[in-house]
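Student: Provided below for reference: sequence and predicted model.
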Amino acid sequence: MSVLTGKTALVTGASRGIGRATAERLASRGALVAVHYGRNEAAAQEVVAGIREAGGQAFAVGAELGVPGDIDTLWASFDAQLGTYTDRAGLDILVNNAGITLRGHIEETTEEILDQQFAVNVRAPFFLVQHGLKRLQDGGRIINISSGATRIAYPEIIAYAMTKGALDTFTLALAKAVGSRGITVNSVAPGIIDTDINASWLRGNEEANQFAASLSAFNRVGAPEDVADVVAFLASDDARWITGQVIDATGGSQL
Ligand code: NAD
């Protein structure tokens, strides 16, 4: 039996990147994983197939976030499928991973950009949790994927960094609110990770890679699995005494 056997997890934005690695890691530890995706169903089904081939359990849940009805659509799909895979009702682990980075300095950030940035990165996880609390089992886990950009100033992604600051404050207040149920709430703050979100400036650019690597105490760019392992730890019983925290997973960036 693995550490998460019998648990059910939902990972948003799990069709690629950090979300995908997290879904795969939680499944490899025994959890049944709902692999949420926004638009790319084929990619999500590929993740599900990979988990099943490796002996795990997973199903895909589609809902674009940041649009009207998003949260109802997501939970309706989750609720409709859950019984096919387990007799247990509800959810044990919710990972709010889906996010967008709309790059821009303050002068370039329009009202529309700011609203969209907050709709996906803050509003969606807020209401996903609000509507999910009745599904979340006592002793459960909420893990919000934040960013090192709340600690290290990146004026070129100012709106994005602000959303992650809001998410960390959500983590703090929510941890207090649900602590009596034994639910822990924590943020994980990655540094620069080699995923599609950074493809435009990082991939195939040796200079950019060297720069990104140099920020970390370990002198390498992070991989999705570096973050997924931290999430898996927080999801486990071993992390039951940690709540309301921002866990830095930047590989010691700019120490
Ligand atoms: P990514 O772009 O590869 O993955 C983001 C995921 O979120 C995708 O699956 C995407 O489909 C989903 N998503 C985005 N907008 C959505 C929407 N409107 N509706 C539904 N799904 C949506 O990026 P990633 O690097 O894997 O990012 C995962 C999380 O990690 C994000 O919250 C990001 O802010 C955070 N993060 C990433 C880095 C990094 O350097 N890669 C650093 C710090 C924090």
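Tutor: Structure's in. What do you need?

Student: Quick check: Gly191 touching Leu215?
Tutor: Yes: Gly191 is within contact range of Leu215, at 6.5 Å (criterion: C-beta atoms under 8 Å). Just so you know, the C-beta spots here come from the backbone N, C-alpha and C atoms, and that holds for glycine as well.

Student: joint contacts of the two?
Tutor: 250, 253 (C-beta atoms under 8 Å, 6 or more residues apart in numbering).

Student: if you count what's nearby, which of the two comes out ahead?
Tutor: Ranked by neighbour count (other C-beta atoms under 10 Å), Gly191 and Leu215 place Gly191 first, with 23 against 20.

Student: And the most centrally placed residue in the chain, how far from Thr110?
Tutor: Taking C-alpha atoms, centre = their mean, the centroid of the chain lies closest to Asn97, which sits 1.8 Å from it. Distance, Asn97 to Thr110, using C-beta to C-beta, to the nearest Å: 26 Å.

Student: try Asp87
Tutor: Distance, Asp87 to Thr110, by C-beta to C-beta: 49 Å.

Student: which of those two has more neighbours?
Tutor: The residue with more neighbours, out of Asp87 and Thr110, is Thr110; 11 against 6, by other C-beta under 10 Å.

Student: about what we covered before: what sits against the residue nearest to the centre of the chain?
Tutor: 11-14, 18-19, 22, 145.

Student: let's see it at 10 Å
Tutor: 10-14, 17-23, 36, 125, 143-145, 188, 227-228, 231 (C-beta atoms under 10 Å, 6 or more residues apart in numbering).

Student: same check, this time on Ile113
Tutor: 102-104, 159-160.

Student: Give me the buried positions along the helix or strand where it lies.
Tutor: Using DSSP states H and E, Ile113 sits within helix 111-118. For helix 111-118, a neighbour-count test (16 or more other C-beta atoms under 10 Å) marks 114, 117-118 as buried.
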